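J.: sequence and predicted structure, then a few things I'm wondering about:
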Amino acid sequence: MAAQEVAFDEAKARELEEKFDPEVRFRPLGPVAAWIAAVALFSLSLFHYYTAGFGLLREVTHRGVHMSFVLALIFLVFSGKRGDRTLYASSLWRPAGIPLTDWALMAAAVVSTLYVPYIFSELAFRVGNPLPVDVFMGTMLIVVLLEATRRSMGWPLPVIAILIIAYGLFGRYAPGVLVHPGASWSAMVNHLYLTSQGIYGLPVGVVATYVFHFVLFGVLATRMGLGQLFIDAATTIAGRFSGGPAKVAVVSSAMMGTITGSSIANAVTTGSLTIPAMIRIGYPRHFAAAVEAAASTGGQITPPIMGAAAFLMIEFLGIPYTHIMIAALVPAFMHFFGVLMQVHFEAKRQGLRGLTREEMPRIWEVLKRDWPTLFPLFLLVGILMNGYTPYLAAFWGITACIVIGFLNPRNRLTPSDVFEAFVTGAKYALAVGAAAATVGIVIGVVTLTGVSFKVAYIVTGTAASWAAAVEPFIPFGLMTTAGLTLLMTLILTGVVCIVMGTGVPTTANYLIMVTVAAPILGLLGVEPLVAHFFVFYYGILADITPPVALCAYATAGIANSNPFSTGNTAFRLGMGKILVPFVFVFSPSMLIMVQDFSLNEFLLATFGCILGITALSAAFSDYLLDRLFGWERLLLAFAALLLVAPELTTTIIGTAIFIPVALRPLIWKKHEGKVPTRAA
């Protein structure tokens with residue numbers, strides 16, 4: 001991994017991303033169709049860039065224009081048969097190589113999405129009593145939207161939407177507490193199409209005003225050299241230590257996460273360099289791929305540019321984005337710390353080396369060469385911290401990327417590079433745009449039927465009965481019935497998030513689960529910010545949770561390793577993200593921006609979490625200061641569970657168990673003159 005070998009091939013990274021990420025797996029286009037798509041994609045990015053800096057349109061108009069572009073483009077760049085990579089010649093039935101049915105669907109998408117903005121002045125007299133033409137247009141949009149989502153994301157999300165629509169229509173036949181009178185199709189379309197509670201609701205609004213702009217910023221920032229700076233800096237910071245390339249993978253993924261907000265984009269960008277280097281120094285292939293996958297999933301939780309769900313929180317909670325950023329700092333650190341500790345212990349156990357001075361770039365040379373690329377990121381963060389809107393911060397960040405890119409001789413951008421970046425940024429936003437609109441259907445039916453409160457009643461009742469059964473077995477009364485009920489509810493919620501995430505992207509997963517789970521956790525006294533973060537974190541875990549672990553499968557493809565083994569190992573490496581949400585639910589001060597912040601609670605939870613993650617990492621890796629006996633691994637795992645429970649008593653007990661196990665090799669070495677080998 002010599003200095004001259006550190007540079008990554010951006011075109012190769014994009015090729016890998018298209019191979020492993022279904023959301024950017026586009027069909028090949030002929031010259032005419034490719035030109036039409038490029039102009040439309042560029043126009044979509046230009047529209048968002050302009051409105052971010054010079055003022056948004058009227059809400060419903062802005063969302064309508066955004067959706068008309070997104071849905072029409074999906075029918076242009078995604079094939080009706082997923083995975084079809086055939087390049088068709090132009091013919092009477094395939095103008096420009098695109099089937100006539102797709103052209104018709106594009107037209108239907110544009111007409112049905114722009115219809116509501118067109119009649120907006122009359123909506124006050126039509127909501128609740130739609131005209132036949134309103135019902136027709138709404139029906140057309142629902143059908144077109146479900147097909148667009150199927151093409152760009154697969155079947156799971158459209159199936160969920162269809163099932164929830166069926167529940168809204170035929171609720172009178174639902175069992176038990178889930179029963180409701182049911183709605184007519186006209187009333188359903190009215191709610192989903194003509195109000196702001198459905199398709200034109202909050203999810204589409206956030207994607208159209210926040211998410212799109214930060215996706216575009218990430219593409220431009222990477223294109224003008226900031227990604228290269230992060231990789232070089234991570235190599236100089238972490239490369240020299242044991243198992244150096246794996247630690248470079250963790251640090252560079254954390255840095256790249258500040259600008260990408262996408263697990264797979266992060267994984268293929270850094271993994272194309274770090275995974276071969278890890279394999280070269282002795283890491284097993286599946287472990288090398290798992291390290292990159294686990295680290296890359298942290299991109300969606302790493303400030304300042306987090307996943308789309310972070311921007312949705314702004315609107316759901318009505319708080320500034322800076323609060324979300326600050327709240328995410330400590331949990332994000334815990335995730336990367338957990339991966340780093342397991343990487344370290346694995347390297348020590350296997351005796352793996354770090355990189356030599358000849359294999360690493362010099363930090364001062366890196367900064368001297370590429371420091372201008374940091375300016376757009378610092379500018380964006382500075383604008384955010386001064387209380388301006390995220391889209392205005394993104395506008396100036398994008399502008400700074402273009403200016404620096406034109407002026408920087410190291411990696412100078414041309415107008416064609418900017419055009420291509422705008423096209424690529426729009427492509428990355430298509431799938432999430434369709435998903436957001438489809439989730440609007442789910443949220444609309446939930447608000448129409450009130451099913452979330454009924455589900456809350458069922459879940460809390462089940463959790464309470466489980467808690468009553470478990471409580472007699474809890475020693476010393478360490479948890480009350482209320483605490484056990486909350487714990488059981490969190491476990492149920494976390495499992496559902498992970499299961500949902502196997503077929504639904506993280507943003508859609510977050511939206512659906514927040515709609516259903518937030519009322520559940522609210523009934524148990526959990527602050528809204530904490531509830532949202534819990535669902536957010538567990539939704540992201542799906543990227544590394546078998547059997548459908550897209551990020552792990554992407555890195556397995558780079559490493560040529562077994563995808564299932566890679567996913568299992570990545571899930572284990574990401575255990576910090578598994579534990580930490582439980583910690584900040586029981587100790588909200590870890591998120592800092594909570595109503596009753598306590599410094600003592602924050603310090604106790606943070607200290608316990610760091611020590612607990614270290615203990616669990618050692619137990620998984622079979623190494624602390626030396627190879628561990630089997631009984632020591634069990635003790636460390638038990639100590640970890642006590643340490644991450646944010647109570648003074650459990651923290652003291654956990655620390656008392658951890659310290660003797662950690663010091664055992666030093667004590668034996670002092671008294672026997674050597675570190676004993678582990679018992680067979």
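T.: Good, I have the coordinates. These numbers were taken from a predicted model, which means no experiment stands behind them. Numbers count the residues shown, from 1 in each chain.
J.: where does this protein have its least confident helix or strand?
T.: Scoring the helices and strands of the chain by mean pLDDT, DSSP states H and E places helix 10-20 at the bottom, with a mean of 61.
J.: helix or strand next in line after it, which one?
T.: helix 31-54 (DSSP states H and E).
J.: ok now that following helix, how far from the chain's centre?
T.: The chain centroid and the centroid of helix 31-54 are separated by 25 Å under C-alpha atoms, centre = their mean, to the nearest Å.
J.: tell me the angle of the longest helix seen in the chain relative to helix 31-54?
T.: In the chain, assigned by DSSP state H, the helix with the most residues is helix 415-449. Orientation of helix 415-449 against helix 31-54 (axes from the mean of the first three to the mean of the last three C-alpha atoms, to 10 degrees) gives an angle of 70 degrees.
J.: so what does the next helix-or-strand element following helix 415-449 touch, helix or strand wise?
T.: Once the chain leaves helix 415-449, the next helix or strand it forms, by DSSP H and E, is helix 451-470. Under the contact criterion of 3 or more C-beta pairs under 8 Å, 6 or more residues apart in numbering; DSSP states H and E, helix 451-470 touches helix 481-501, helix 506-523. In short, each C-beta sits where N, CA and C put it, glycine included.
J.: helix 451-470 relative to helix 481-501, how many degrees between them?
T.: 120 degrees.
J.: in helix 451-470, what's buried?
T.: Within helix 451-470, the residues that count as buried by 16 or more other C-beta atoms under 10 Å are 451-452, 454-456, 459-460, 463-464, 466-467.
J.: okay if I get these as a markdown table plus pLDDT and distance to Leu131?
T.: Below are the buried residues of helix 451-470 laid out as a markdown table (pLDDT from 0 to 100; distance: C-beta to C-beta, whole Å):
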| residue | pLDDT | distance to Leu131 |
| --- | --- | --- |
| Val451 | 83 | 28 |
| Ser452 | 78 | 31 |
| Lys454 | 81 | 33 |
| Val455 | 81 | 34 |
| Ala456 | 79 | 37 |
| Val459 | 83 | 40 |
| Thr460 | 82 | 42 |
| Ala463 | 85 | 46 |
| Ala464 | 84 | 48 |
| Trp466 | 84 | 51 |
| Ala467 | 82 | 52 |
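J.: farthest pair within those residues?
T.: Across these, the longest distance by C-beta to C-beta is 24.1 Å; it joins Val451 and Ala467.
J.: what stretches of the chain score poorly on pLDDT?
T.: Scanning the chain for pLDDT under 70 picks out 1-24, 83, 261-262, 307, 475-478, 501-503, 546-548, 669-680.
J.: could you pull out the helices for the stretch 551-680 of the chain?
T.: For the stretch 551-680 of the chain, the helices defined by DSSP state H, counting those that start in this stretch cover 563-573, 575-586, 599-621, 630-644, 648-672.
J.: next, the angle from the fourth one to helix 599-621.
T.: In this structure, helix 630-644 runs at an angle of 160 degrees to helix 599-621, with the same axes, to 10 degrees as the basis.
J.: just to revisit the earlier point, who wins for proximity to Pro117 among the helices and strands packed on helix 451-470?
T.: helix 506-523 (23.0 Å).
J.: can you tell me which helices and strands the closest one packs against?
T.: helix 308-317, helix 415-449, helix 451-470, helix 481-501, helix 528-540.
J.: output it in CSV with nothing but the alpha carbons.
T.: Extracted in CSV, the C-alpha atoms of helix 506-523 (Å, rounded to 0.1, in the frame of the first residue of the first chain):
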residue,chain,number,x,y,z
THR,A,506,-32.9,2.5,6.0
THR,A,507,-34.7,5.7,5.3
ALA,A,508,-38.0,4.0,4.6
ASN,A,509,-37.4,1.7,7.5
TYR,A,510,-36.9,4.6,9.8
LEU,A,511,-40.0,6.4,8.6
ILE,A,512,-42.3,3.4,9.0
MET,A,513,-40.9,2.4,12.4
VAL,A,514,-41.0,5.9,13.8
THR,A,515,-44.6,6.2,12.8
VAL,A,516,-45.4,3.0,14.6
ALA,A,517,-42.7,2.7,17.3
ALA,A,518,-42.4,6.3,18.5
PRO,A,519,-45.9,6.2,20.1
ILE,A,520,-45.0,2.9,21.8
LEU,A,521,-41.8,4.3,23.3
GLY,A,522,-43.5,7.6,24.1
LEU,A,523,-46.1,5.7,26.3
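J.: now it against helix 415-449, angle please.
T.: 40 degrees.
J.: for helix 506-523, what is the distance to the chain centroid?
T.: Going by C-alpha atoms, centre = their mean, the spacing between the C-alpha centre of helix 506-523 and its chain's C-alpha centre is 15 Å.
J.: give me the buried positions along that helix.
T.: 506-521.
J.: ok, so of those residues, who is nearest Gly440?
T.: Nearest member of these to Gly440, counting by C-beta to C-beta, is Leu511, at 8.5 Å.
J.: find the nearest non-adjacent residue to the closest one, please.
T.: Nearest non-adjacent residue to Leu511, counting by C-beta to C-beta, 6 or more residues apart in numbering: Val439, 4.3 Å away.
J.: show me what contacts that neighbour?
T.: 157, 161, 203, 507-508, 511-512 (C-beta atoms under 8 Å, 6 or more residues apart in numbering).
J.: widest-spaced pair of those residues?
T.: Among those, Ala161 and Thr507 lie farthest apart (C-beta to C-beta), at 14.6 Å.
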